[in-house]
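[1] This is a predicted model, with the sequence first.
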Amino acid sequence: MRHRNSGKKLGRPTYARIAMLRNMAYSLIEKGRIETTVDRAKALRGFIEPLITLGKKNTLASRRLALRRLPNKDAINRLFEEVAPLFKERNGGYTRILKTSVRRGDNAQLAIIEFVESKSNEKENKTNE
């Protein structure tokens, strides 16, 4: 039975899967968008969105909880100071997944995962108002 077993294993043992998600989350926070497979993007969405929710609280306790999931102080500082404030009015759905093409070697469906809000979108909204 598979009761309460959510998420995909992505063909990796647990420690490798967690390390991959941490690295992908770090890259997404640093760059704002990354290209990966659809399954990995969906797994990353379930990993990064609770971190952004913690970032919106911006307390010491939430920073410590976030550091437990993503042990990189630079990424957490950027998450709490730059990324999370963009979503202060949004209740969820901080990322978007756009399917792009298929990878030539193994025919895997590729996708771009990015934040819904970005600094460029925020600047455009301020100039339009």
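    Looks like it came in fine. Numbers count the residues shown, from 1 in each chain.

[2] quick one: which helix or strand includes residue 114?
    Using DSSP states H and E, residue 114 maps to strand 109-115.

[3] show me the contacts for the most centrally placed residue in the chain.
    The geometric centre of the chain, computed from its C-alpha atoms, lies nearest to residue 48 (Cα atoms, centre = their mean), at 3.5 Å. The contact partners of residue 48, taken as Cβ atoms under 8 Å, 6 or more residues apart in numbering, are 25, 28-29, 94-95. Just so you know, the C-beta spots here come from the backbone N, C-alpha and C atoms, and that holds for glycine as well.

[4] Could you confirm it falls within a helix?
    Yes. Counting by DSSP: H, G, I helix; E, B strand; the rest coil, one finds residue 48 located in a helix.

[5] just the helices in the chain please.
    Secondary structure of the chain (DSSP state H): helices located at 14-31, 38-57, 60-69, 73-78, 119-128.

[6] need the ones you listed in JSON lines with distance to residue 113, can you?
    JSON lines is the format used below for the helices of the chain (distance: least, Cβ to Cβ, whole Å):
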{"stretch": "helix 14-31", "distance to residue 113": "7"}
{"stretch": "helix 38-57", "distance to residue 113": "4"}
{"stretch": "helix 60-69", "distance to residue 113": "17"}
{"stretch": "helix 73-78", "distance to residue 113": "16"}
{"stretch": "helix 119-128", "distance to residue 113": "16"}
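
[7] Go through these and name the closest to residue 90.
    Across the helices of the chain, residue 90 has its closest neighbour in helix 38-57 (8.8 Å, Cβ to Cβ).

[8] so how far is that closest one off the chain centroid?
    4 Å (Cα atoms, centre = their mean, to the nearest Å).

[9] before we move on, back to that, pick out the shakiest of the helices of the chain, pLDDT-wise.
    Mean pLDDT is lowest for helix 119-128 among the helices of the chain, at a mean of 64.
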